[in-house]
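In: Just need the structure, nothing else, for what follows:
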Amino acid sequence: MDGIIGNRTISALEQMAAFTEARQKVIADNIANVDTPGYQHKKVDLDGFQQAMAEAMQGRSSQQDLGPVTSDQVQRNDAGQMVLQPDVEPADNIAFHDGTNGQIEKDMTEMARNLLMHQVSVDMVRHHYRMIETAIRGRAT
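Out: Okay, here's the model as predicted:
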């Protein structure tokens, strides 16, 4: 039964959903503080997490649990929950007069991109469990 319910694909999707949820909070903080004097833009590296996920998936069978994926910015607390440690992003231009370096257009684009990744992950997990429910019931709901 574990092979049906818990496999590396579902584990990867669940971890991606948790990552994008936590990343969305960082992006929202950047947007909320775009006018806060002295606030420095924070960034969580999506590519770094995806690389760590790809490395964790290599060498495992499709039925093996993936285990918790970590990277430089993604760690786990004692309860096993994902904790992000974003980097302070250096200004790619001269900081504004109030010392901030926010770029609202870039942040809004990243928020939309992150939301789409989160939605795809959640939808795929939901679809997987609906298929299991359908198999158990013997008919579509």
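In: Next up, the contacts around residue 52.
Out: 69, 70, 71, 74 (C-beta atoms under 8 Å, 6 or more residues apart in numbering). All C-beta spots, glycine's among them, are computed from the backbone N, C-alpha and C.
In: Just to confirm, what confidence does the model report for residue 139?
Out: Residue-level confidence at residue 139 comes out at 72, pLDDT.
In: Tell me, how many residues neighbour it?
Out: Around residue 139 sit 7 other residues, with neighbours defined as other C-beta atoms under 10 Å.
In: Ok, residue 130 next?
Out: 12.
In: State whether it is indeed within a helix.
Out: Yes: secondary structure of residue 130 (DSSP: H, G, I helix; E, B strand; the rest coil): part of a helix.
In: Next one: it from residue 137, what distance?
Out: From residue 130 across to residue 137, the span is 10 Å (C-beta to C-beta, to the nearest Å).
In: where do the contact lists of the two overlap?
Out: Taking C-beta under 8 Å, 6+ apart as the contact rule, residue 130 and residue 137 touch no residue in common.
In: Go through stretch 133-141 and flag the buried ones.
Out: Of all the residues in stretch 133-141, not one is buried under the rule 16 or more other C-beta atoms under 10 Å.
In: Could you do stretch 29-44 as well?
Out: The neighbour-count criterion (16+ other C-beta under 10 Å) identifies 29, 30, 33, 34, 39, 40, 41, 42, 43, 44 as the buried residues of stretch 29-44.
In: Same question for stretch 109-122.
Out: By 16+ other C-beta under 10 Å, the buried positions in stretch 109-122 come out as 110, 111, 114, 117, 118, 121, 122.
In: What mean pLDDT does that stretch get?
Out: Confidence over stretch 109-122 (mean pLDDT, whole number) is 96.
In: Over to stretch 27-46?
Out: The model assigns stretch 27-46 a mean pLDDT of 89.
In: That stretch spans what distance, first to last residue?
Out: This stretch, stretch 27-46, spans 12 Å end to end (C-alpha to C-alpha, to the nearest Å).
In: Sounds good, over and out.
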